[in-house]
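K.L.:
Take this sequence and fold it.
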Amino acid sequence: MSVSHSSNSPVFRRLSRRDVLLGMIGAGGAAALASLGYRSLTHSGEIPATAEASVPFFGLHQAGITTPSPASALMVAFKVTPKTRADLTHLFQRLTDRIEFLMAGGTPQAIDPKFPPADSGILGPRVYPDNLTITVALGASLFDQRFGLAHLKPRHLAEMPSFPNDQLDPDLCHGDLMLQFCANTAETNLHALRDILKNLSDALVLSWKIEGFQQPNTLKGEHQTSVRNLLGFKDGTANLNPQDQKRMDQLVWVQAGSEPAWTTGGSYQVVRVVRNLVERWDRTPLQEQEQIIGRKKDTGAVLGYHQESDIPNYDRDRKGQQIPLDAHIRLANPRKSDLGLILRRGFNYSRSFDNAGQLDMGLLFVCFQSNLQTGFITVQERLNGEPLEEYIKPIGGGYFFALPGVPAKGQYLGQALLEAV
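P.N.:
Reported below is the predicted structural model:
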């Protein structure tokens, strides 16, 4: 999000004792503090390792899309229960209020102890923002006949189909509304979810949820990452740079004239729960793993190259002697055009195990793009039938449309949509 900060912005907080300690002891001491639970969390930029750090709520775009990814994520799909458009409007107004408070932090209202408390208290008497972002996206089902929104549905928004390698669980797919919670800690995400459920229980019913996590990225710069997925490979090396505003406008943010007017500033969101068959993968020879992915497992460098940041020249390897023609990275991004370029925001997940005693863990894949057809769908069609399919099984997710941001106080999420009816 492109915003300007003043000294009154919630980003500028009083230095905590932990901030001072980190500044005094340097990187080595920071690592020691990290071992005690004080994590320095970065992805495509730096996030201060303090619970007092916050991300601005107001702006042309929602936070949580180009915002640097922290360590914890929580994806939650809902069914909305209002019967009228007026009630739906009230839902979005109240949801906006709760998200604004949770992202900024503060002290919950004190009430008579004879009544339930205003806050769950799991973060203590004061709610710290902890770099929380809550991103609101709409599913295709919200544009049915209930609220008269059908003619305003984004052009490419539909129920996510089942691709050839998918084994989708209906209980882990789709939804009227998707909330993406991202924060430094899982507790902050869970606190925010419980707050929203408590305050909007008359309007939202849980459909499904899944928690994600990732390692902090300790490297800086584009095309460098220390983040690894649960297959053990570096993840996100070739991702778009979210700080490149021109590219974001081209590939991520919907522009005026291409969609219904209310969508300008929003983005298509894809969520995919991709199970990794890790027991089978862990018994696969390293050389075969690297051929399937197209990168070295230890350094992240493309096969035949030396540095993780090196850009492969496929024209010099047309027969696939260095990088197999069906390698994952080569199919996903042939590097011939912008077709298929997306902004990834992926996390790992780990749940339980199945009846056969196999671990249920893998990739919580999230991406954003201005055009669903030329973005994710193009990539997925390239990947259909790839060798990696032997080791992965998509089991859930959905297509959603992330709403434009809230430009100023007094406005609310989804306002342009609801006023366009």
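
K.L.:
And the pLDDT for residue 223?
P.N.:
According to the prediction, residue 223 has pLDDT 74.

K.L.:
Can you check the pLDDT for the closest residue to it other than its chain neighbours?
P.N.:
Spatial nearest neighbour of residue 223, excluding adjacent residues (C-beta to C-beta, 6 or more residues apart in numbering): residue 309 at 4.1 Å. Every C-beta, even on glycine, is put in place using the N, C-alpha and C of the backbone. Per-residue pLDDT puts residue 309 at 92.

K.L.:
residue contacts, the closest residue to residue 84 other than its chain neighbours?
P.N.:
Take residue 84 and drop its neighbours on the chain: the residue closest to it by C-beta to C-beta, 6+ apart is residue 147, 7.5 Å away. Applying C-beta atoms under 8 Å, 6 or more residues apart in numbering, we find residue 147 in contact with 82, 84-85, 88, 421.

K.L.:
for residue 331, same thing?
P.N.:
When contacts are counted by C-beta under 8 Å, 6+ apart, residue 331 touches 382-383, 386.

K.L.:
One more pass at 10 Å, please.
P.N.:
By C-beta atoms under 10 Å, 6 or more residues apart in numbering, residue 331 lies in contact with 294, 324-325, 340, 379, 381-388.

K.L.:
Residue 345 against residue 272, yeah?
P.N.:
No: counting by C-beta atoms under 10 Å, residue 345 stays clear of residue 272, with 11.6 Å between them.

K.L.:
Give me the common contacts of the two.
P.N.:
With C-beta under 10 Å, 6+ apart as the test, residue 345 and residue 272 both reach 364-367.

K.L.:
and these as a markdown table, adding neighbour count, distance to residue 248 and pLDDT?
P.N.:
Listed next are the shared contacts of residue 345 and residue 272 as a markdown table, based on neighbours: other C-beta atoms under 10 Å; distance: C-beta to C-beta, whole Å; pLDDT from 0 to 100:
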| residue | neighbour count | distance to residue 248 | pLDDT |
| --- | --- | --- | --- |
| 364 | 24 | 22 | 98 |
| 365 | 21 | 19 | 98 |
| 366 | 27 | 16 | 98 |
| 367 | 22 | 13 | 98 |
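
K.L.:
Now the residue positioned nearest the centre of the chain. Nearest residue, chain neighbours left out?
P.N.:
Centroid-nearest residue in the chain, with C-alpha atoms, centre = their mean: residue 345, separated by 4.4 Å. Nearest residue to residue 345 in three dimensions, chain neighbours excluded: residue 366, at 4.5 Å (C-beta to C-beta, 6+ apart).

K.L.:
one step back: out of the contacts of residue 147, give me the one that has the most neighbours.
P.N.:
Among the contacts of residue 147, residue 88 has the most neighbours (other C-beta atoms under 10 Å), with 23 neighbours.

K.L.:
Just list the residues touching that one, thanks.
P.N.:
Residues in contact with residue 88, defined by C-beta under 10 Å, 6+ apart, are 80-82, 142, 146-149, 176, 203, 414, 417-418.

K.L.:
Mind checking which of those residues land in helices?
P.N.:
Judged by DSSP state H, helices contain the following of these: 417-418.

K.L.:
Closest to residue 72 out of the contacts of residue 88?
P.N.:
residue 176 (24.4 Å; C-beta to C-beta).

K.L.:
What's the local residue count around the closest one?
P.N.:
Neighbour count for residue 176, taken as other C-beta under 10 Å: 22.

K.L.:
got a list of what it touches?
P.N.:
Residues in contact with residue 176 (C-beta under 10 Å, 6+ apart) are 77-81, 88, 138-144, 146, 204-205, 207, 400.

K.L.:
Quick one: buried ones out of the residues you listed?
P.N.:
Buried subset of the contacts of residue 176 (neighbour count, 16 or more other C-beta atoms under 10 Å): 77-80, 88, 138-143, 146, 204, 207, 400.

K.L.:
Which of the residues you listed sits closest to residue 127?
P.N.:
Closest to residue 127 out of the buried ones among the contacts of residue 176 is residue 204 (20.0 Å), distances taken as C-beta to C-beta.

K.L.:
Centre of the chain to stretch 225-236, how far?
P.N.:
Computed by C-alpha atoms, centre = their mean, to the nearest Å, the chain-centroid distance of stretch 225-236 equals 16 Å.

K.L.:
what distance separates the start and the end of that stretch?
P.N.:
7 Å (C-alpha to C-alpha, to the nearest Å).

K.L.:
Return the set of buried residues in it.
P.N.:
Of the residues in stretch 225-236, 225, 227-236 count as buried by neighbour count, 16+ other C-beta under 10 Å.

K.L.:
Same check on stretch 86-101?
P.N.:
For stretch 86-101, a neighbour-count test (16+ other C-beta under 10 Å) marks 88-92, 94-96, 98-101 as buried.

K.L.:
Can I get that stretch as CSV, trimmed to CA atoms?
P.N.:
Taking C-alpha atoms only, stretch 86-101 is exported to CSV below (Å, rounded to 0.1, in the frame of the first residue of the first chain):
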residue,chain,number,x,y,z
ALA,A,86,-29.4,-2.9,4.3
ASP,A,87,-28.4,-5.6,6.7
LEU,A,88,-25.4,-6.6,4.5
THR,A,89,-24.3,-2.9,4.5
HIS,A,90,-24.5,-2.9,8.3
LEU,A,91,-22.3,-6.0,8.4
PHE,A,92,-19.6,-4.3,6.3
GLN,A,93,-19.8,-1.2,8.4
ARG,A,94,-19.3,-3.1,11.7
LEU,A,95,-16.6,-5.3,10.1
THR,A,96,-14.7,-2.2,9.1
ASP,A,97,-14.9,-0.8,12.6
ARG,A,98,-13.6,-4.0,14.2
ILE,A,99,-10.7,-4.3,11.7
GLU,A,100,-9.7,-0.7,12.1
PHE,A,101,-9.5,-1.2,15.9
